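**Student:** with the input below, show me the fold.
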Amino acid sequence: GSPFRHILMFTLPLLAGNFLQQFYNMVDSWVVGNYVSDAALAAVGVGFPVIFLFTSLFSGIATGGTVVIAQAFGAWKPERVRHAIDSLYTAFIRSILPITAAALLLVNPLMTVLRVDPAAWAETRTYLLVVCAGLVGSIGYNLNAGILGGMGNSSTTLLFLAVSTILNIFLDLALVLAVPLGVLGVALGTVIAQLCSWLFGIWYINRRYPQLAIHPFNGIFDRKLFCEIIRIGLPSGIQMSLVALGAMFVLSKVNSFGKAFTAGFNVGNKLDTLAFLPTQSMAAAVISFVGQNMGASREDRVRQGVRITVTMAVVWTVLSSALVVWLSVPLSRIFSPDPAVIAASARYLQCVMPPYVLFAILFVLNSAMRGAGDSLYPMVNV
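**Tutor:** Now for the predicted structure:
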């Protein structure tokens, strides 16, 4: 069939899912920015790169799983798909407690490195401790999404995120407005929603796809196959960790200007991330498209699909960047009435959005290389 149609139809549910994920993160910011304080808004923003750092390694491994599963599926090797799923979950269960413990122990040192404003210290520490304790839900969701992505199914992942988003919005409103827990309520709402999304994902996959049934504690582990997943996924995980560290370095400098500037930076960052979601979704689609067609030895379709995806990404990025720059002030005003926060957010967007088209091309081409099984060059490239 048409590569354009396949990529577009795979991208749309991913885009809707990514939008929902960003939407409930933005709901967190909207709730604390309008009903708690600028310090709480800064705390939620500081939490993003820290949590991204702790989840990035497993997100990279999930990407490796997507590639291995996609190639096995394209080559019609169902047993290899089954073994990849078992190995991914066994590694996850064995490592989640040490990862969570390390995250909790590093909260205070990371806050010092990030130079968190003393006025936002208590809220930031509370938020980070709660969300770090609930890493299992976020990482588990990424594993489920990686498994389904390798099978060419992005619509089910959208269902998981819909459950998480609706629950998170309800919990935010209940735990911040009805029960005034402040930033603690936002953190609890995020963790509970992610945990429910992960568990619902396991239940749904086991019911809808019995041949892919997930049994987290069966202990089946194919060392050779997992090494292949690591070979592909680890460079991606390292790359994402470096991106997180870079974001933390930038945030450390931003925090030195005070909580209003930090809040404005975080608002702008959320808006530019939202604008980039379609390109991010296209890149995720091209990983599965390239992986399945490489498994089926259809390199002609691989080249055609990559050209189509780059073109779509460029067109979207140019249009969205122009729109966000034009509307930077009114968009920023949605999250905070503070003029200082609005000014910082608008200035950030006006500086960062125009060159995004170059990043879009880089992002899609790197994803295509990962789908073909080459993760080392994309890691070095980024």
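
**Student:** any low-confidence regions in this protein?
**Tutor:** The chain contains residues with pLDDT under 70 at 24-26, 33-35, 37-39, 154, 379, 381-382.

**Student:** tell me the contacts of the spatially closest residue to G60 that is not a sequence neighbour?
**Tutor:** Closest residue to G60 apart from its sequence neighbours, by CB to CB, 6 or more residues apart in numbering: G237 at 2.3 Å. For every residue, glycine as well, the C-beta is placed using N, CA and C. Contact analysis of G237 by CB atoms under 8 Å, 6 or more residues apart in numbering lists S56, L57, F58, S59, G60, I61, T63.

**Student:** got it, and P355?
**Tutor:** For P355, the contact set (CB under 8 Å, 6+ apart) is empty.

**Student:** quick one: buried residues of the helix or strand where the residue nearest to G60 lies?
**Tutor:** Using DSSP states H and E, G237 maps to helix 223-255. Buried residues in helix 223-255, counting neighbours by 16 or more other CB atoms under 10 Å, are found at 225-226, 228-230, 232-241, 244, 247-248, 251-252, 254-255.

**Student:** with stretch 181-197 instead?
**Tutor:** For stretch 181-197, the neighbour count (16+ other CB under 10 Å) marks 181-197 as buried.

**Student:** what's the spacing between the residue nearest to V116 when sequence neighbours are not counted and S252?
**Tutor:** Leaving aside its chain neighbours, V116 sits nearest to T124 (5.0 Å; criterion: CB to CB, 6+ apart). According to CB to CB, to the nearest Å, T124 stands 13 Å off from S252.

**Student:** what's stretch 341-353 in contact with?
**Tutor:** 33, 38, 41, 260-261, 263-265, 267-269, 271-272, 275, 321, 324-325, 328-329, 331-333, 335-336.

**Student:** show me which residues of that stretch are buried.
**Tutor:** Neighbour counts over stretch 341-353 (16+ other CB under 10 Å) mark V341, I342, A343, A344, S345, A346, R347, Y348, L349, V352, M353 as buried.

**Student:** restricted to strands, list those residues.
**Tutor:** Among these, none falls in strands (DSSP state E).

**Student:** nearest to V286, of the residues you listed?
**Tutor:** M353 (22.9 Å; CB to CB).

**Student:** can you tell me the closest non-neighbouring residue to that closest one?
**Tutor:** For M353, the spatially nearest residue (CB to CB, 6+ apart) is S321, at 4.2 Å.

**Student:** what sits against that neighbour?
**Tutor:** S321 touches A275, M353, P354, Y356, V357, counting by CB under 8 Å, 6+ apart.

**Student:** element containing it?
**Tutor:** Using DSSP H and E, S321 falls in helix 299-326.

**Student:** mind checking the SS state of S297?
**Tutor:** State at S297, reduced to three classes by DSSP: H, G, I helix; E, B strand; the rest coil: coil.

**Student:** can you start the count at 38 instead of 1 from here on
**Tutor:** Fine by me, first position is 38 from now on; the one you just mentioned is S334.

**Student:** and it, how many residues sit next to it?
**Tutor:** The local packing of S334 (other CB atoms under 10 Å) involves 11 other residues.

**Student:** from T346, how far out is it?
**Tutor:** Applying CB to CB to S334 and T346 gives a distance of 20 Å.

**Student:** same question, V87
**Tutor:** On the measure of CB to CB, V87 and T346 end up 31 Å apart.

**Student:** these two - which one has more neighbours?
**Tutor:** T346 (27 against 24).

**Student:** need the contact list for that one.
**Tutor:** I44, M319, A320, A322, V323, F326, V401, A405.

**Student:** pick the one among these closest to R131.
**Tutor:** For the contacts of T346, the nearest to R131 is A320 (29.8 Å; CB to CB).

**Student:** what helix or strand does the closest one sit in?
**Tutor:** Secondary structure from DSSP H and E places A320 in helix 296-332.

**Student:** can you name every helix or strand that that helix contacts?
**Tutor:** helix 40-72, helix 75-111, helix 172-187, helix 260-292, helix 336-363, helix 365-370, helix 376-389, helix 393-408 (3 or more CB pairs under 8 Å, 6 or more residues apart in numbering; DSSP states H and E).

**Student:** alright, I will stop here.
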